[in-house]
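> The following block contains a protein sequence and its predicted model.
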Amino acid sequence: MVQKLELIREEKLYRLTPGKKKSDRLEASGVALLDKETALVIFDSLNLIARIDLSLKPDKRNRLFPAPSIGEGFEDIAIDHDGKRVFCIIETMEDTDGKYRGFVSEYDHE
């Protein structure tokens, strides 16, 4: 027997992030749960981390945080809740030896 997932709700990210509009390109590439009410979302082509309330409704807690990095955009995100750190993966960049490698950026999640 094949189990199926049921879609409960969905919303466009531009409607949830302050200052963004329909024409803005928000290509989400990763999501991680910060707590029972909040998700962090990262983007393919932006050095931003979105904090989104899981109600998927506009909320004053929804924010965009700058995430300075050596690359442009991220491929995935992970959270170390005990160490209070957020890790974002940069898919590939040219290293000092000319070879292409993935990189990790580390941020304080406070």
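Now that the structure is in, tell me what you want to look at. Residues are numbered from 1 along each chain as shown.
> use CA for all of it now, contacts and neighbours both
Noted.
> Check residue 16 and give its pLDDT.
pLDDT recorded at residue 16 is 95.
> how about it, what does it touch?
52, 56-59, 62 (CA atoms under 8 Å, 6 or more residues apart in numbering).
> Ramachandran coordinates for the spatially closest residue to residue 108 that is not a sequence neighbour?
Once flanking residues are discounted, residue 108 sits nearest to residue 85: 4.7 Å by CA to CA, 6 or more residues apart in numbering. For residue 85, the backbone dihedrals (degrees, to the nearest 10) come out as phi -130, psi 150.
> remind me which residues of the chain are low pLDDT?
Applying pLDDT under 70 to the chain flags the ranges 110.
> Just want the most central residue of it.
The centroid of the chain falls nearest to residue 42 when counting by CA atoms, centre = their mean (1.9 Å).
> Which of the three states applies to that one?
Under DSSP: H, G, I helix; E, B strand; the rest coil, the three-state class of residue 42 is strand.
> Quick check: beta-bridge partners of residue 85?
Beta bridges link residue 85 to residue 80, residue 108, judged by DSSP bridges.
> Could you pull up the contacting residues of it?
Residue 85 touches 79, 106-109, counting by CA under 8 Å, 6+ apart.
> Now flag whichever of those is closest to residue 11.
Closest approach between the contacts of residue 85 and residue 11, by CA to CA: residue 79, at 23.2 Å.
> That closest one against residue 89, yeah?
No: using CA atoms under 8 Å, residue 79 is not in contact with residue 89, being 11.6 Å away.
> one step back: can you pick the most crowded of the contacts of residue 85?
Neighbour counts for the contacts of residue 85, by other CA atoms under 10 Å, peak at residue 79, which reaches 20 neighbours.
> looking at this, residue 103 is in a helix?
No: Residue 103: not assigned to a helix; according to three-state DSSP it is strand.
> Correct me if wrong: it contacts residue 94.
No: look at residue 103 against residue 94 with CA under 8 Å: they stay out of range, at 10.0 Å.
> out of those two, which sits in the busier spot?
The residue with more neighbours, out of residue 103 and residue 94, is residue 103; 17 against 12, by other CA under 10 Å.
> which residues touch that one?
Contacts were defined as CA under 8 Å, 6+ apart; by that measure residue 103 touches 89-93.
> Done for today, thanks.
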